[in-house]
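Q: have a look; sequence and predicted model below, questions after that.
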Amino acid sequence: MCISIYTSRVVLQVLGEVNYGIYNVVGGFVSMFTVISGAMSTASQRFLSFEIGKGSSGKVHEVFSTAIIIHIGLGLIILLLGETVGIWFINNYLNLPHERYYAANWVFQFSLLTFIISVISVPYNAVLIAYERMKAFAYVSIFEVTLKLLIVYFIAIAPFDKLIFYSILMASTSLILSIVYGVYVNRNLKQCHFNWVWDKSKGMEMGSFVSWNLIGSLAGVLKEQGINVVLNMFFGAAINAARGVAYQVLNAVGGFVNNFQVAMNPQIVKHYSAGEKYEMFRLVFRGSKFSFLIMLMFVLPLTLEAPYILKIWLVNVPAYTGIFLRLVLLTSLVDSLSGTLITSMHASGKVKDYQIVVGGLSLLTLPLVYVALKLGAPPYAAMFIGLCMAVALHVARILMLKASIHFPVMDYFRKITLRVFFLGLLSAVVPTALYFFLSVNFINFLVVCIVSVISVITISYRLGLSMYERQKVKEKVASIVNKFIHK
């Protein structure tokens with residue numbers, strides 16, 4: 001996380017505010033496609049986990065090969081759309097400095113290349129998750145961090161256009177990581193060697209699932225990238241730099257919760273596949289609660305100390321970055337509750353109505369933001385609307401789960417939603433008081449951050465965990481301490 005935040009600062013400093021903003025609005029298609037490929041990864045992971053859960057009767061090889069063929073087709077479709085609609089939109093509607101349109105078009109081309117690579121590698125990532133090979137992800141993550149540090153060094157010394165060079169290096173990183181995942185799967189999971197094998201029944205089932213899942217994901221992508229474009233139309237590339245910085249911090253922090261949820265997802269699907277609904281609901285409840293509390297440990301100090309952190313982190317802080325960061329972090333805190341809820345819906349395979357309702361509601365954010373800015377609202381109104389919609393989407397997901405898999409809605413609201421928000425408010429009391437009463441300096445900044453983390457841990461442990469969960473936490477901590485002592 002620290003390296004990610006550091007590299008974001010250096011990239012902003014080296015590229016400059018305008019170039020960084022251009023990369024986030026044009027190169028934002030990279031993150032947009034990552035969201036799409038992430039959704040497709042969930043679909044592939046669901047079917048692979050389902051087949052693995054069947055034991056010897058599962059068709060893992062057929063599902064894996066069919067998944068790759070589907071993703072190659074999707075990649076080609078998006079490539080066609082990008083080279084037509086995407087280029088037309090960039091050159092006719094984005095508000096960029098005239099002399100930077102050439103660089104913006106190159107950034108877009110390498111964004112498309114990154115997308116194609118990431119889409120084709122989706123089934124390889126999905127099968128690692130389905131088989132719960134988390135160590136592989138850990139080692140690759142270390143390698144990825146090393147590559148990003150090298151990127152920072154190379155763009156700092158590059159004698160030519162740094163924005164174009166940065167986009168080339170990011171595409172190259174994506175290619176290298178995809179090759180690493182592919183080689184690992186081929187060497188360690190013999191049942192997952194790709195062949196041009198098309199299982200018609202599985203292909204139809206997966207195609208339907210992926211299509212509906214993709215519609216919902218596209219709604220989310222259009223919302224995020226659409227907000228970026230709308231902000232650009234009203235306020236220019238500099239405001240995209242502010243939003244880009246906020247999301248860089250969010251991505252670094254959110255990685256902890258994402259890794260936790262990724263580890264739980266295969267178990268949720270396997271429980272559903274085995275007909276063990278009670279065990280699945282128990283995991284969903286626990287996953288939502290722990291995701292929120294883990295996220296709260298980071299969100300509380302970062303939200304309170306956002307202006308000071310940005311001041312010592314960045315040489316020049318783009319306008320509105322502080323309030324953007326605070327609102328984005330609060331939105332992510334709400335969203336952290338939904339990870340295991342979404343997995344349980346995917347496990348059921350009943351995604352059509354869910355994606356129509358939730359995707360449509362998510363997409364509603366974009367016209368609301370446009371109308372607000374058109375009426376003269378400040379840029380941060382877009383982030384505030386996003387926060388309100390996150391709450392609405394959380395409620396919608398729970399209600400859709402009740403309709404499809406008889407999810408215990410009232411139990412979830414009482415035991416999870418209301419409880420964790422109460423814990424969040426209670427945890428914030430002492431750190432917030434310190435923040436307002438202490439003067440602004442480095443020592444007091446550390447005090448607020450440390451007290452925030454201690455407050456979250458203490459209140460969560462005493463009031464948020466069951467007796468069984470507290471016992472498991474004690475055992476885990478004792479295990480870690482023993483390993484450290486006996487090294």
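A: Yep, that arrived. Numbering: from 1, shown residues only.
Q: relative to Val25, how far out is Asn92?
A: Taken as CB to CB, to the nearest Å, the spacing of Asn92 relative to Val25 amounts to 14 Å. The way it works is simple: take the backbone N, C-alpha and C, and place the C-beta from them, glycine included.
Q: have a look at those two and say which one is more surrounded.
A: Val25 (28 against 7; other CB atoms under 10 Å).
Q: element containing the nearest residue to the more buried one once chain neighbours are set aside, please.
A: Spatial nearest neighbour of Val25, chain neighbours left out: Asn240 (4.5 Å); criterion: CB to CB, 6 or more residues apart in numbering. Assigned by DSSP states H and E, Asn240 falls within helix 237-273.
Q: now do the buried residues in that helix.
A: Across helix 237-273, burial judged by 16 or more other CB atoms under 10 Å covers 237-254, 257, 260-262, 264-273.
Q: now Phe194, what's its secondary structure?
A: coil (DSSP: H, G, I helix; E, B strand; the rest coil).
Q: show me the shaky parts of the stretch 51-200 of the chain.
A: Counting by pLDDT under 70, the stretch 51-200 of the chain contains low-confidence residues at 53-58.
Q: surely Thr303 is in contact with Leu327?
A: No: Thr303 lies out of contact with Leu327 (CB atoms under 8 Å); the separation is 9.1 Å.
Q: what do these two both touch?
A: Applying CB atoms under 8 Å, 6 or more residues apart in numbering, one finds that no residue jointly contacts Thr303 and Leu327.
Q: ok, now which ones touch the nearest residue to Tyr370 once chain neighbours are set aside?
A: Among residues not flanking Tyr370 along the chain, Val230 sits closest, at 5.3 Å (CB to CB, 6+ apart). With contact set as CB under 8 Å, 6+ apart, Val230 has these partners: Leu366, Val369, Tyr370, Leu373, Ala382.
Q: ditto for Leu177
A: By CB under 8 Å, 6+ apart, Leu177 lies in contact with Ser121, Val140, Phe143, Glu144, Leu147.
Q: host element of Val440?
A: Taking DSSP H and E as the definition, Val440 sits outside all helices and strands.
Q: check the gap between the spatially closest residue to it that is not a sequence neighbour and Leu446 for me.
A: The shortest distance from Val440 to any residue that is not its chain neighbour, by CB to CB, 6+ apart, is 6.2 Å, and that residue is Tyr308. Applying CB to CB, the value for Tyr308 to Leu446 is 10 Å.
Q: so between those two, which is more surrounded?
A: Per other CB under 10 Å, whichever of Tyr308 and Leu446 has more neighbours is Tyr308, with 18 against 12.
Q: surely that one meets Ile443?
A: No: the criterion here is CB under 8 Å, and Tyr308 misses it with Ile443 at 11.6 Å.
Q: ok so, going back, need the pLDDT of the residue nearest to Val440.
A: In this model, Tyr308 is scored at 88, pLDDT.
Q: just the element for it, please.
A: When elements are assigned from DSSP H and E, Tyr308 belongs to helix 306-313.
Q: one more: Ile87?
A: Under the criterion of DSSP H and E, Ile87 resides in helix 87-93.
Q: how about that helix: buried residues?
A: In terms of neighbour count (16+ other CB under 10 Å), helix 87-93 has its buried residues at Ile90.
Q: now do it: which elements does it pack against?
A: Helix 87-93 is packed against helix 101-130, with contacts defined by 3 or more CB pairs under 8 Å, 6 or more residues apart in numbering; DSSP states H and E.
Q: how far does the helix it packs on sit from its chain's centre?
A: The gap between the average C-alpha position of helix 101-130 and the chain average comes to 15 Å, counting by CA atoms, centre = their mean, to the nearest Å.
Q: what is the orientation angle of that helix with helix 237-273?
A: When axes from the mean of the first three to the mean of the last three CA atoms, to 10 degrees is applied, the directions of helix 101-130 and helix 237-273 differ by 20 degrees.
Q: next helix or strand past helix 101-130?
A: In the C-terminal direction, the helix or strand that comes right after helix 101-130 (DSSP H and E) is helix 134-157.
Q: so which bits of the next helix or strand after that next one are buried?
A: Scanning forward in sequence from helix 134-157 by DSSP H and E, the next helix or strand is helix 162-188. By 16+ other CB under 10 Å, the buried positions in helix 162-188 come out as 162-174, 177-178, 180-182, 184-185.
Q: so how far is Val257 from Phe281?
A: Noted for Phe281: a distance of 20 Å to Val257, by CB to CB.
Q: repeat for Phe89
A: Applying CB to CB, the value for Phe89 to Val257 is 33 Å.
Q: what do you get for Thr331?
A: Going from Thr331 to Val257 by CB to CB gives 13 Å.
Q: one more: Ile416?
A: Ile416 sits 15 Å away from Val257, taking CB to CB as the criterion.
Q: try Tyr468
A: Distance of Tyr468 to Val257, computed by CB to CB: 22 Å.
Q: could you do Tyr153 as well?
A: 30 Å.
Q: and if you look at Thr303?
A: As for Thr303, its distance to Val257 is 15 Å (criterion: CB to CB).
Q: got phi/psi on Val317?
A: Note on Val317: backbone dihedrals following degrees, to the nearest 10 are phi -90, psi 120.
Q: who's in contact with it?
A: Listed by CB under 8 Å, 6+ apart, the contact set of Val317 reads Val245, Leu310, Lys311.
Q: just Lys202 next, same as before
A: Taking CB under 8 Å, 6+ apart as the definition of contact, the neighbours of Lys202 are Phe47, Lys59, Glu62, Val63, Thr66.
Q: give me the element the fourth one is part of.
A: Which is Val63. Val63 belongs to helix 60-81 when assigned by DSSP H and E.
Q: just list what that helix packs against, helices and strands only.
A: helix 28-53, helix 101-130, helix 200-235.
Q: got a markdown table for these, with distance to Phe436 too?
A: Converted to a markdown table, the helices and strands packed on helix 60-81 look like this (distance: least, CB to CB, whole Å):
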| stretch | distance to Phe436 |
| --- | --- |
| helix 28-53 | 35 |
| helix 101-130 | 42 |
| helix 200-235 | 30 |
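Q: of all these, which lies closest to His193?
A: Nearest to His193 among the helices and strands packed on helix 60-81 is helix 101-130 (11.0 Å), distances taken as CB to CB.
Q: in terms of secondary structure, what does the closest one contact?
A: Helix 101-130 is packed against helix 17-25, helix 28-53, helix 60-81, helix 87-93, helix 162-188, helix 237-273, with contacts defined by 3+ CB pairs under 8 Å, 6+ apart.
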